[in-house]
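In: Fold the following, please.
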Amino acid sequence: MINIFQNYGSQLWQGFWQTIICSIISLFFALIIGSGFAILETVPNKWTHLIARMYIELFRNIPLLVITMFFYVVIPMYFVKISGFAAGTIGLTIYSSAFIAETVRSGIQSVDVGQIEGARANGLTFWQTMVHIVLPQAFRYVLPPLGNQFINLVKNSSVLAFVAGFDLMYQGNVIASDSLQSMNAYLCVGLLYLVITLPLSYYMRYLERRTLKGGA
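Out: Residues are numbered from 1 along each chain as shown. Okay, the predicted model is just below:
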């Protein structure tokens with residue numbers, strides 16, 4: 001493993017930072033999109049609910065690789081050419097947002113209905129009630145499963161390896177082929193994934209403990 005880091009360190013760190021960047025971008029937009037569709041599922045309008053439900057069910061049940069390849073192969077063929085990194089990031093965002101939407105929806109439904117009715121009785125609109133009353137409590141309820149979704153998103157970013165996204169897994173494949181040291185190459189890749197996911201996992205546990213103790 002030491003030889004791999006010495007000889008291919010620059011490639012590994014390039015892949016490491018590509019994975020970090022992809023994960024942050026995907027996490028940011030997946031959280032926004034997922035929360036939006038979770039809210040739409042609770043809107044008292046059957047058509048809005050149906051659209052949100054269709055989005056969630058569609059992208060939860062299509063493999064991530066299929067979604068990514070659609071943006072990498074089909075979109076450039078008929079619309080505009082995009083890089084493998086962009087295709088992988090978009091695919092990961094859409095795929096993850098469907099799971100986040102389902103998680104946030106369960107949190108919204110856990111909030112006491114009496115609080116929602118009280119907010120509406122005091123003149124708050126549906127969206128004001130969601131933003132100021134419901135969502136802060138919903139995110140508190142679903143913090144552990146949401147943390148798991150974030151960690152899964154980081155691990156799923158390895159899909160970029162299939163579309164030349166120059167991520168950590170892609171660089172591992174290149175190094176394994178070039179060095180003929182497959183085991184060491186993939187051990188290094190696994191170690192660098194742990195560098196990302198373990199701190200995130202411990203941080204989510206820390207937030208969970210603070211939440212249970214009534215922290216901010």
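In: which other residues reach stretch 74-88?
Out: The contact list for stretch 74-88, computed with CB atoms under 8 Å, 6 or more residues apart in numbering, reads 18, 22, 68-69, 71-72, 90, 157, 159-160, 162-167. (Glycine included, C-beta is placed from N, CA and C.)
In: Sort out which of those residues are in helices and list them.
Out: 18, 22, 68-69, 90 (DSSP state H).
In: quick one: residue 131 and residue 125, what's the gap?
Out: In this view, residue 131 and residue 125 are 10 Å apart by CB to CB, to the nearest Å.
In: I misspoke; the intended subject was residue 195.
Out: Residue 195 is 45 Å from residue 125, where distance means CB to CB.
In: what about the chain, any weak spots by pLDDT?
Out: The chain contains residues with pLDDT under 70 at 212-216.
In: Now do the helices in the chain.
Out: With DSSP H as the definition, the chain shows helices at residue ranges 2-42, 46-60, 64-69, 75-78, 84-110, 113-121, 126-129, 135-141, 143-156, 168-179, 182-212.
In: Tell me the one of the contacts of stretch 74-88 nearest residue 206?
Out: Each of the contacts of stretch 74-88 was scored against residue 206 by CB to CB, and residue 157 proved nearest at 23.0 Å.
In: what's the neighbour count on the closest one?
Out: Applying other CB atoms under 10 Å, we find 29 residues neighbouring residue 157.
In: Which residues are in contact with it?
Out: Contact partners of residue 157, counting by CB under 8 Å, 6+ apart, are 19, 22-23, 26, 88, 92, 167-168.
In: For those, pick the one with the most neighbours.
Out: Going by other CB under 10 Å, residue 88 tops the contacts of residue 157 with 34 neighbours.
In: From residue 23, how far out is it?
Out: 11 Å.
In: repeat for residue 75
Out: From residue 75 over to residue 23 the distance is 22 Å, taken as CB to CB.
In: got it, and residue 44?
Out: The gap separating residue 44 from residue 23 is 35 Å, by CB to CB.
In: Off-centre distance for stretch 168-175?
Out: On the basis of CA atoms, centre = their mean, to the nearest Å, the separation between the geometric centre of stretch 168-175 and that of its chain is 21 Å.
In: Quick one: residues in contact with that stretch.
Out: Contacts made with stretch 168-175 from outside it, assessed by CB under 8 Å, 6+ apart, are listed as 4, 8, 11-12, 14-16, 18-19, 157-158, 160-161, 164, 181, 185-186, 188-189, 192-193.
In: Keeping just the C-alphas, turn it into CSV.
Out: Taking C-alpha atoms only, stretch 168-175 is exported to CSV below (Å, rounded to 0.1, in the frame of the first residue of the first chain):
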residue,chain,number,x,y,z
LEU,A,168,-11.6,7.8,-6.3
MET,A,169,-12.9,4.5,-7.8
TYR,A,170,-12.0,5.5,-11.3
GLN,A,171,-8.4,6.2,-10.2
GLY,A,172,-8.3,3.0,-8.3
ASN,A,173,-9.2,1.1,-11.5
VAL,A,174,-6.5,2.9,-13.5
ILE,A,175,-3.9,2.3,-10.8
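In: In that stretch, which residues are buried?
Out: By 16 or more other CB atoms under 10 Å, the buried positions in stretch 168-175 come out as 168-175.
In: cool, and stretch 109-121?
Out: In stretch 109-121, counting by 16+ other CB under 10 Å, buried: 111, 116, 119.
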